[in-house]
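Chemist: dropping the sequence and predicted coords here.
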Amino acid sequence: MTEEYPPYNYTEDGKLTGLSSEVMVEHTNRLGHSGDIEVLSWARAYGLIQKKDGLILYSMTRTEQREDMFKWVGSVASNKWVLFAKKGSGVSVASLEDTKKSWNNWYL
């Protein structure tokens with residue numbers, strides 16, 4: 001299972017593509033599986049993977065909270081998370097703690 005999450009997984013002209021999807025299709029082909037990948041909403045796919053064995057969900061960010069919840073196969077890509085604010089917005093961040101305090105007030 002996956003979600004629409006360009007450039008890693010997305011549907012173009014009715015076909016699933018993207019960096020992670022291409023890797024997954026290649027791996028399933030090498031293993032002799034059909035590679036049928038279902039595109040679902042993130043909430044639905046994430047809920048299913050926690051309830052049912054034998055499912056694969058990609059692309060998922062590996063976090064400390066999720067570490068023991070899943071069997072991790074490997075990385076497809078690394079990602080740096082960044083925050084942007086419009087010039088003149090008055091948003092000021094000096095530390096990660098600042099972002100936690102004001103997260104709900106920001107429009108991303």
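Modeler: In hand now; what should we look at?
Chemist: give the other helices and strands that the helix or strand encompassing Val23 contacts.
Modeler: Element membership of Val23, judged by DSSP states H and E, is helix 19-30. Contact partners of helix 19-30 among helices and strands, from 3 or more Cβ pairs under 8 Å, 6 or more residues apart in numbering; DSSP states H and E: none. (Each C-beta comes from the backbone N, C-alpha and C, glycine too.)
Chemist: following that helix, which helix or strand comes up?
Modeler: Immediately after helix 19-30, counting by DSSP H and E, sits helix 42-51.
Chemist: got the buried residues for that following helix?
Modeler: Buried residues in helix 42-51, counting neighbours by 16 or more other Cβ atoms under 10 Å, are found at Ala45, Ile49.
Chemist: from the chain's centre, how far out does the helix or strand that it is followed by sit?
Modeler: Scanning forward in sequence from helix 42-51 by DSSP H and E, the next helix or strand is helix 96-102. Relative to the chain's own centre, helix 96-102 is displaced by 23 Å; criterion: Cα atoms, centre = their mean, to the nearest Å.
Chemist: can you list contacts of helix 96-102?
Modeler: Residues from elsewhere that reach helix 96-102 (Cβ atoms under 8 Å, 6 or more residues apart in numbering): Leu83, Val91, Ser92, Val93.
Chemist: from what I can see the second one touches Phe84, true?
Modeler: Translated: Val91. No: between Val91 and Phe84 there is no contact under Cβ atoms under 8 Å: 9.3 Å.
Chemist: quick one: which of those two has more around it?
Modeler: Shown here are Val91 and Phe84; by other Cβ atoms under 10 Å, Val91 has more neighbours (15 against 8).
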